[in-house]
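Peer 1: Compute the structure for the input listed below.
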Amino acid sequence: MGIDAKRKSGYINSMLNDDLLAQILNKVDQEEGRKSFSEVCKQWLTVERLSRTSLRVCRPMFPLELLTKFPNLVDFRTTRELTKKRKRRNKQAWFYPPTDTRLEFIAKTCPKLETYMASFYETRHVQSGGHLGTEGLRALAIGCPKLSRLMFQGSKVVGNAGVDALFQSAHNLKSLHLDVNSLISDHAFRAIGSSSISTLELTYCPNVTDVGLGFLANGSISRTLRKLVLERCRGITDTGIQLLVNLRSLEHLELTGFNQVTDIGGVAISTIQTLRELKLSAIWKLSDRTFFALAENCRNLEVLVLHHTGLNAPVTRASIHPFSRHKCLKYLALHGFSNLDKSDLEIVLGCPSLESLVLDKSLIGTFGLMHGNSVGRVVKFESIHNPLLHFIPTVW
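Peer 2: Below is the predicted model:
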């Protein structure tokens, strides 16, 4: 019985060559399905590895040599330090080569890489320039010529010199994401400003100030940047926000957690004529003046999310009324507007282009019984903690 089963298996494998198996595997989109596929036999395991284009590593003791099994990786993300296993006298010991060496190995092993993410939170034994040094980052940029998206998470992952090295060598880079970084400062923005990337996301970067935004506004990036996300960058004030007017291609802007931004910056945002999607969250010093300006001046705005704004200078109900005359607005989300009543919503619903009006789920008891089929289709209730359409956070 066992012999017949083996013969049958061998016959099936002889009929299914690697190309055909790869076509079958392309129909499997779930990770568990790919895992089951790879466990059938060695041939299927090899096909799965050769056809795999993305890999996420979370194990702290991932042997770097295993990357040689995945030569066609396009997306590689690691949330732990990669290691290169070498035996010592103590068989339990591990050897950690320099970070530059690890990046050079990745560059040689995965030349088709387009997306690379490094997430390190270890702050001990870090060189002055960060975990990822200039030599390794330069090797990654040169060895992976199609590299277009970089994501760095952690306070000591990469520093100013590393960013300089990247932009000198990564000529196809289009997207840069920096999350919780205490090493990046305005100096790095000189290199970023001279680039042609289209997406820049900064979260919790305390050393970035108005000077850094000046490099964006006056550099070549001012012609190419389409999406800008700034969150909890405490060094940015109205002066820096006003400079964003010079970003001539900016379509998507998210500003979160700025305690030094007032209506001066808010009104400046309204003059960005290319803006189509805007999110303002936890900017406590905004008032009606900003929202009147947005409704009047942002004529191409299609998506607007207002989340807990105007704590120190309260936003009144009248602030949303002017949007009823907007010609392009399709999606409006209001969170933290607890003083609204049904008459306010009826005015806003007069906007001819509006397709969705999203309110906090806690208000469903107040507005859930509004009558009319059109009202039911347009008004939605969602939790403040759920990702909003058009503003889904980066997956780390």
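Peer 1: and A295, that one's in a helix?
Peer 2: Yes - counting by DSSP: H, G, I helix; E, B strand; the rest coil, A295 is located in a helix.
Peer 1: From what I see, it and P322 are in contact.
Peer 2: Yes - using CB atoms under 8 Å, A295 is in contact with P322, at 3.5 Å. From N, CA and C alone the C-beta is placed, and that goes for glycine too.
Peer 1: Comparing the two, which shows the higher neighbour count?
Peer 2: Between A295 and P322, A295 has the larger neighbour count (other CB atoms under 10 Å), namely 22 against 18.
Peer 1: ok, the more buried one - contacts?
Peer 2: Neighbouring residues of A295 by CB atoms under 8 Å, 6 or more residues apart in numbering: P322, F323, R325, H326.
Peer 1: which residues sit in contact with the nearest residue to L183 once chain neighbours are set aside?
Peer 2: Distances taken as CB to CB, 6 or more residues apart in numbering place G159 nearest to L183, at 3.9 Å, with adjacent residues excluded. Residues near G159 by CB under 8 Å, 6+ apart: S128, G129, G130, L183, I184, A188.
Peer 1: and G159, backbone torsions?
Peer 2: phi -110, psi -170 (degrees, to the nearest 10).
Peer 1: what's the answer for L357, then?
Peer 2: According to degrees, to the nearest 10, L357 has phi -120, psi 110.
Peer 1: partner residues bridging it?
Peer 2: L332, V379 (DSSP bridges).
Peer 1: Tell me, how many residues neighbour it?
Peer 2: 22.
Peer 1: thinking again about what came up before, just the buried ones out of the contacts of A295, please.
Peer 2: Among these, those classed as buried by neighbour count (16 or more other CB atoms under 10 Å) are P322, F323, H326.
Peer 1: List the ones among the contacts of A295 that fall in strands.
Peer 2: Using DSSP state E, the subset of the contacts of A295 located in strands is empty.
Peer 1: quick one: which of the residues you listed is nearest T53?
Peer 2: H326 (41.9 Å; CB to CB).
Peer 1: Just list the residues touching the closest one, thanks.
Peer 2: Counted by CB under 8 Å, 6+ apart, H326 has contacts A295, R299, L301, C351, S353, L354.
Peer 1: again, 10 Å this time
Peer 2: 294-296, 298-299, 301-302, 304, 332, 348, 350-354 (CB atoms under 10 Å, 6 or more residues apart in numbering).
Peer 1: Go through those residues and name the one nearest T256.
Peer 2: Distances from T256 to the contacts of H326, taken by CB to CB, are shortest for L304, at 14.5 Å.
Peer 1: Kindly indicate whether the closest one is helix, strand or coil.
Peer 2: Taking three-state DSSP, the label given to L304 is strand.
Peer 1: Buried ones among the contacts of H326?
Peer 2: Counted by 16+ other CB under 10 Å, the contacts of H326 give L294, A295, C298, L301, E302, L304, L332, V348, C351, L354 as buried.
Peer 1: Which stretches in the stretch 101-250 of the chain count as helices?
Peer 2: 134-143, 160-169, 186-193, 210-218, 238-243 (DSSP state H, counting those that start in this stretch).
Peer 1: quick one: the shortest one to chain centroid distance?
Peer 2: Looking back up the chat, that one is helix 238-243. From the chain centre to the centre of helix 238-243 is a distance of 23 Å (CA atoms, centre = their mean, to the nearest Å).
Peer 1: surely L66 meets L55?
Peer 2: Yes - in this structure L66 lies within contact range of L55 using CB atoms under 10 Å: 9.3 Å.
Peer 1: Find residues that contact each of A295 and P322.
Peer 2: Contacts common to A295 and P322, judged by CB under 10 Å, 6+ apart, are C351.
Peer 1: Please identify which of L66 and L55 sits among more neighbours.
Peer 2: L55 (18 against 14).
Peer 1: From V245, how far off is the more buried one?
Peer 2: Distance of L55 to V245, computed by CB to CB, to the nearest Å: 41 Å.
Peer 1: And H187, by the same measure?
Peer 2: 24 Å.
Peer 1: now V379
Peer 2: Relative to V245, and taking CB to CB, V379 is found at 34 Å.
Peer 1: The two: which has the busier surroundings?
Peer 2: Neighbours were counted for V379 and for V245 using other CB under 10 Å; V379 has more, 21 against 16.
Peer 1: Surely I192 touches G219?
Peer 2: Yes - using CB under 10 Å, I192 makes contact with G219 at a distance of 7.8 Å.
Peer 1: Can you check which residues contact both of the two?
Peer 2: With CB under 10 Å, 6+ apart as the test, I192 and G219 both reach L225.
Peer 1: more neighbours, those two?
Peer 2: I192 (24 against 20).
Peer 1: How far off centre is the helix or strand hosting F76?
Peer 2: Using DSSP states H and E, F76 sits in strand 75-78. Taking CA atoms, centre = their mean, one finds the center of strand 75-78 at 14 Å from the center of the full chain.
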